[in-house]
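S.K.: Here is my input, please return the structure:
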Amino acid sequence: MHKHPLVVGVRQAAGWNTGESVEQTISQLGLNTGNMMFTESLCQVLAGAAWSSFALQPQDLEGRDVIVLAAANWINSYDDMGWLAERLERSSLPVIMVGVGAQSTVAMEMPMLKPGTLRLLHLVRDRSASIAARGAFSCEVLEHYGVTSAVPTGCPSLLLAGADGLVIRGTAQVDPATSCLHATRHGFQAAEPFQAFLYRQAYRRRMQLILQSELADFYLALGKTGNPGITTRALATIRTVYGDEDLVTVERYLRTHGHVFANIRDWLDYMRSRAFCFGTRIHGVIASLLAGTEATLIVHDSRTQEMAQAMFVPHVLSADIPICGDLDLARIHQPAQTAAFMARYPEYYSRFVGFFAQNGLTIAA
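M.R.: Numbering: from 1, shown residues only. This is a model prediction of the structure:
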């Protein structure tokens, strides 16, 4: 059994007022605050674990007997992961990949992988007993590319709940005043129509909004508006996303209702103050569930669909939500699915226990 695993991935930050810029902090978080969830989970769950960045310096490997990759959306047609394969090839240690997933549309088309990504996947295949993929579709894609050892475990983030699982506080009736939502876009990008609908619903109904990778919104929500060039660029995006020319009012809304967390403790503390959370971010939903707050994932692509299925997360389909008129929160609220999720958590947990045992890893006492 491995006694000294090195978990490689994106780690949480201390906060937003540590002297580092917004760009430095979000870069540390892999440009998406949700990334810290699965790395932190593996660091806490695996016995003897230490952490390393993807730099994988020689000193990071000293005294370690296995490398555990906290993987993400790596099986796609646009990224080439050859840089990571090259770094791993410098060591002869076993390499175990956890939580890797394929990115596609809800139609589940087969992504065309770059040579470097194939090189990484084949290296891990040859140095481990199995790969933990986030769902059945990712396993199918891996098999298509010659990796037949993958198992559909889901994301490791929920392991933060421990062996005892989760107790979710139920609410009889959902209310915009005690709910929060999250939508999906990145950097300074505009939003796709369905996502724009969610942002505008949050704004119009003055709902609390969880931000993960919307850099333009970060500056306003965090009050980091000292750079006129960045602020002007952010406001141009904000005008389009929230559909209001009154930028003073939009900025005030984001400052009072927008929330972006650099570490898990702050995120979960906030989610305990909410009665219900929903949206298109899987880790926004997981943070809520870990905090004991009811949550529903709005499935909008292959990634969210297969993780909802693999982890039994309460969910609805974006295709079933009309974007004319207001959101019907009662329709999104899924108490029966929440009860099923709690009941099936042991199945999720035991799947990971089996995967870790197969690969010579143990869970911390």
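S.K.: Output the below-cut-off pLDDT ranges for this structure.
M.R.: The model of the chain has pLDDT under 70 over residues 106.
S.K.: And it, split by domain according to the record?
M.R.: Here the domain assignment for the chain is 5-161+346-358, 176-344, based on automatic domain parsing.
S.K.: Identify whichever of the ones you listed lies nearest to I168.
M.R.: Closest to I168 of the domains of the chain is domain 176-344 (CB to CB; 5.4 Å). Just so you know, the C-beta spots here come from the backbone N, C-alpha and C atoms, and that holds for glycine as well.
S.K.: can you give me the strands in this structure?
M.R.: In the chain, the strands defined using DSSP state E lie at 5-8, 50-52, 66-70, 95-100, 131-133, 150-152, 179-182, 208-211, 258-260, 276-279, 294-299, 315-317.
S.K.: Indicate which one of these is closest to Q59.
M.R.: Ranked by CB to CB, the member of those that lies closest to Q59 is strand 50-52, at 9.4 Å.
S.K.: May I see the buried residues of that closest one?
M.R.: W51, S52 (16 or more other CB atoms under 10 Å).
S.K.: One more: stretch 18-35?
M.R.: Neighbour-count burial for stretch 18-35, counted by 16+ other CB under 10 Å, picks out E20, V22, T25, I26, Q28, L29, G30, N32, T33, G34, N35.
S.K.: Max pairwise distance over those residues: which two?
M.R.: E20 and G34, at 19.3 Å, using CB to CB across the buried residues of stretch 18-35.
S.K.: Which residue ranges of the stretch 251-365 of the chain form helices?
M.R.: Using DSSP state H, counting those that start in this stretch, the helices of the stretch 251-365 of the chain run over 264-271, 282-290, 302-311, 329-332, 335-358.
S.K.: which of those sits most buried?
M.R.: Stretch with highest mean neighbour count among those: helix 282-290 (a mean of 26; mean count of other CB atoms under 10 Å).
S.K.: what's the angle from that helix to strand 294-299?
M.R.: Counting by axes from the mean of the first three to the mean of the last three CA atoms, to 10 degrees, helix 282-290 points 160 degrees away from the direction of strand 294-299.
S.K.: chain center to helix 282-290: distance?
M.R.: 9 Å (CA atoms, centre = their mean, to the nearest Å).
S.K.: what's the answer for stretch 129-148, then?
M.R.: Stretch 129-148 sits 19 Å away from the centroid of its parent chain (CA atoms, centre = their mean).
S.K.: what comes up buried for that stretch?
M.R.: Buried residues in stretch 129-148 (16+ other CB under 10 Å): 130-135, 137-142, 145, 147.
S.K.: Which of these sits closest to I286?
M.R.: R134 (12.1 Å).
S.K.: Roughly how far does the closest residue to the closest one other than its chain neighbours sit from L84?
M.R.: Excluding the flanking residues, the one nearest R134 by CB to CB, 6 or more residues apart in numbering is G101, at 4.0 Å. Counting by CB to CB, to the nearest Å, the gap from G101 to L84 is 16 Å.
S.K.: Looking only at neighbour counts, state which of those two leads.
M.R.: G101 (26 against 23; other CB atoms under 10 Å).
S.K.: which residues touch the more buried one?
M.R.: Contacts for G101 (CB atoms under 8 Å, 6 or more residues apart in numbering) come out as A71, A72, N73, W74, I75, A133, R134, G135, S138, R303, E306, M307.
S.K.: how close does it sit to A310?
M.R.: Taken as CB to CB, the span from G101 to A310 is 10 Å.
S.K.: who touches both of these two?
M.R.: Residues touching both G101 and A310 (CB under 8 Å, 6+ apart): R134, G135.
S.K.: circling back to that earlier point, which of the helices of the stretch 251-365 of the chain sits closest to V124?
M.R.: helix 335-358 (13.4 Å).
S.K.: what angle do that closest one and strand 95-100 make?
M.R.: Interaxial angle, helix 335-358 versus strand 95-100 (the same axes, to 10 degrees): 170 degrees.
S.K.: how about the CA coordinates for helix 335-358, as PDB?
M.R.: Taking Å, rounded to 0.1, in the frame of the first residue of the first chain, the C-alpha atoms of helix 335-358 are listed here in PDB:
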ATOM      1  CA  PRO A 335     -37.000  17.300  -2.400                       C
ATOM      2  CA  ALA A 336     -37.700  13.700  -3.500                       C
ATOM      3  CA  GLN A 337     -34.400  13.600  -5.400                       C
ATOM      4  CA  THR A 338     -32.600  15.100  -2.400                       C
ATOM      5  CA  ALA A 339     -33.900  12.200  -0.200                       C
ATOM      6  CA  ALA A 340     -32.700   9.700  -2.800                       C
ATOM      7  CA  PHE A 341     -29.300  11.500  -2.900                       C
ATOM      8  CA  MET A 342     -28.800  11.100   0.800                       C
ATOM      9  CA  ALA A 343     -29.900   7.500   0.700                       C
ATOM     10  CA  ARG A 344     -27.400   6.700  -2.100                       C
ATOM     11  CA  TYR A 345     -24.400   8.500  -0.700                       C
ATOM     12  CA  PRO A 346     -23.000   5.300   0.800                       C
ATOM     13  CA  GLU A 347     -23.000   3.800  -2.700                       C
ATOM     14  CA  TYR A 348     -21.000   6.700  -4.000                       C
ATOM     15  CA  TYR A 349     -18.600   6.500  -1.000                       C
ATOM     16  CA  SER A 350     -18.000   2.800  -1.300                       C
ATOM     17  CA  ARG A 351     -17.200   3.100  -5.000                       C
ATOM     18  CA  PHE A 352     -14.400   5.400  -4.100                       C
ATOM     19  CA  VAL A 353     -13.200   3.200  -1.300                       C
ATOM     20  CA  GLY A 354     -13.000   0.300  -3.700                       C
ATOM     21  CA  PHE A 355     -11.100   2.400  -6.300                       C
ATOM     22  CA  PHE A 356      -8.600   3.600  -3.700                       C
ATOM     23  CA  ALA A 357      -8.000   0.100  -2.400                       C
ATOM     24  CA  GLN A 358      -7.500  -1.200  -6.000                       C
END
